[in-house]
Every structure is written in structure tokens, then in C-alpha cells.
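S.K.: I'll drop the sequence and a predicted model, then ask my questions.
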Amino acid sequence: MSRIGKNPVKVPDGVNVEVSGQQVTAKGKLGQLSATLLGEVEIKHGGDWISVTPRSDSMRAHKMWGTARSIINNLVKGVSEGFSRNLEIIGIGYRAQIQDKELVMQLGFSHDIRYPIPDGITITCSDYNHIAVRGADKQLVGQTAAEIRYFKPAEPYKGKGIKYDNEIIRRKEGKKK
């Protein structure tokens, strides 16, 4: 039995959830998100909760049970609270700033790196060394943060580069004489 799937998703006030077949749509103060779930699970909507149950005893139905519940939970949480991912830039002369609809980063290359901000995502720079990625879609927030980090991942010798705020860089010892 799925420990995640057996818990119903609570729908907070201000969020409207519509279920039509396998299509789930959530509307809230941060926008509207929808997902189409596989036919192996059955979705029941009752007042301020949504529950998911498998349609059969097959292995695939039990795998999709917890996955479908997590997807619905992310839809509801995304339109009510939103998701965020924070990045930190470490290195002398490394900086980031927002210009127009682009994130402009100076990461020690001979040129500036310009990253266009996707629709549905808000990127802010509190100072030159901190980037905050926010949005309603959890997958899109994580993908955007990963793409930004990919330009210059933190290296293990001096720790220079872009890292997540909660990431721990394992440091290596340099050459000895």
C-alpha cells in the first residue's frame, strides 16, 4: 500500500479544483495549472479534499497511485503558495542582475551570459550574489534553477561557481609541493 497515495490532498481556501475524467485543473491566486493523469488511478473530489485510489492490483497502478497524489498536491500547493529555489554565486567578479526580461550573469568568461526568463517564472536578485527563482509550477521552477546552475557549477577546489543555497560543496585539497 502506498504511504503517500493513501493520504488525501487537502484543498485550501481560495483554491478551486476541477476534476473531469483524468484531467485535474487547479485555479488559485498564483494562476492556473492542470495535469492529465494516467488511467490506472481513480480520482475522487469531495469538498475540500481530493483522494486517489488505484483501479486495479497491478504493479503499475500501485506505482502511479503515489505519483498521481504527488502531482495533484503540487498543483494545489503551486497555485496557493508557489515554489521557490534559491541560488548563490561564489567567486570574485561573479555577479548576476536582471535586465529587461533576461538574467545577465558575469561568471568569469570572456562574455556575459544572458538567460531569457521563461513565462510563469519570476527571477529576482536581492544582491549581485543571490538569485531567487519563483513560480507556481514546481517542475518549471526546478528546471530553470538547474539550467542557471549549469552555466558554472561550483567546483570542488575553491568553491567558485553557482550553487543551491542548501547545497554543500565537498572541498578537495589542492596540490602539495
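M.R.: Looks like it arrived, so ask away.
S.K.: so where do the helices sit in the chain?
M.R.: Here the chain has its helices, by DSSP state H, at 59-80, 138-150.
S.K.: Would you mind listing the buried residues in the first one?
M.R.: Just to be clear, that refers to helix 59-80. 61-69, 71-80 (16 or more other Cβ atoms under 10 Å). The way it works is simple: take the backbone N, C-alpha and C, and place the C-beta from them, glycine included.
S.K.: Kindly report the same for the last one.
M.R.: Across helix 138-150, burial judged by 16+ other Cβ under 10 Å covers 138, 140-141, 144-145, 148-149.
S.K.: packing partners for that helix?
M.R.: Applying 3 or more Cβ pairs under 8 Å, 6 or more residues apart in numbering; DSSP states H and E, one finds that helix 138-150 contacts helix 59-80, strand 83-90, strand 121-127, strand 130-135, strand 161-164.
S.K.: Give me the below-cutoff pLDDT ranges for the protein.
M.R.: Residue ranges of the chain with pLDDT under 70: 1-2.
S.K.: Let's see that with 80 instead.
M.R.: Applying pLDDT under 80 to the chain flags residues 1-2, 177.
S.K.: How is it partitioned into domains?
M.R.: 9-80, 83-164 (automatic domain parsing).
S.K.: For residue 176, which of those is the nearest?
M.R.: The minimum distance between residue 176 and the domains of the chain falls on domain 83-164, with 13.1 Å, by Cβ to Cβ.
S.K.: Tell me how far that closest one lies from the chain's centre.
M.R.: Offset of domain 83-164 from its chain centre (Cα atoms, centre = their mean, to the nearest Å): 14 Å.
S.K.: Just the endpoints, please. Distance across it?
M.R.: Domain 83-164 has an end-to-end distance of 14 Å (Cα to Cα, to the nearest Å).
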